[in-house]
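# Just the structure for this:
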Amino acid sequence: MTAPLRFLLLEDNPADAELNLHRLRKAGMVFESVLVEEEATFVAALDDFKPDLILADFHLPRFDGLQALQLLRARDANLPFIFVSGAMGEEVAVQSLHQGADDYILKDRLNRLPAAVKRALEAATQRTSLHRT
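Reported below is the predicted structural model:
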């Protein structure tokens, strides 16, 4: 039996987080998840929870998704990171991809989320494999 995936959600709205998780469950994904919304709990979850993938909102009250992405990339260049946001303009989305995000999904287009998660996980596996080679 394969261990469940571990998803770290950086989101200040629990209802939005649950919508993301519902969409992934509906697509047949088996996972565990942790929800955080501040920098300290985000960093602690990276160490303690050891996620396979991060789903992050862009706008949070005291911390934002780009800061989270920068913190992550300083620690791990390979861990998949996907923005799931309702308020992310095209310029910011492109900037986030240049800074190492794997994808971005608009909250009103959550039907794209499962495919984006699968692609990001597959790309991370390929990067790890290439690095080992």
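# Pull out the buried positions in stretch 119-126.
Buried positions in stretch 119-126, judged by neighbour count with 16 or more other CB atoms under 10 Å: 120-121, 124. Bear in mind the C-beta positions are built from the backbone N, C-alpha and C, glycine included.
# model confidence over it, on average?
Here stretch 119-126 scores 93 as its mean pLDDT.
# Same check on stretch 109-116?
What stretch 109-116 shows for mean pLDDT is 96.
# so how far is the longest helix along the chain from its chain's centroid?
Taking DSSP state H as the criterion, the chain has its longest helix at helix 113-132. Relative to the chain's own centre, helix 113-132 is displaced by 12 Å; criterion: CA atoms, centre = their mean, to the nearest Å.
# try stretch 99-114
That offset, for stretch 99-114, works out to 9 Å (CA atoms, centre = their mean).
# Mind exporting the C-alpha coordinates of it to PDB?
Below are the C-alpha coordinates for stretch 99-114, written out as PDB (Å, rounded to 0.1, in the frame of the first residue of the first chain):
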ATOM      1  CA  GLN A  99      10.400  32.600  -8.900                       C
ATOM      2  CA  GLY A 100       9.800  28.800  -8.900                       C
ATOM      3  CA  ALA A 101       6.100  28.200  -8.500                       C
ATOM      4  CA  ASP A 102       5.000  25.100 -10.500                       C
ATOM      5  CA  ASP A 103       1.500  26.500 -11.400                       C
ATOM      6  CA  TYR A 104      -1.300  28.800 -10.400                       C
ATOM      7  CA  ILE A 105      -5.000  28.000 -10.300                       C
ATOM      8  CA  LEU A 106      -7.700  30.600  -9.900                       C
ATOM      9  CA  LYS A 107     -10.200  29.700  -7.200                       C
ATOM     10  CA  ASP A 108     -13.100  30.000  -9.700                       C
ATOM     11  CA  ARG A 109     -11.300  27.300 -11.800                       C
ATOM     12  CA  LEU A 110     -10.700  24.600  -9.300                       C
ATOM     13  CA  ASN A 111     -11.500  21.900 -11.800                       C
ATOM     14  CA  ARG A 112      -7.900  22.400 -13.000                       C
ATOM     15  CA  LEU A 113      -6.400  21.700  -9.600                       C
ATOM     16  CA  PRO A 114      -6.100  17.900  -9.700                       C
END
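# Please consider this matter closed, and thank you.
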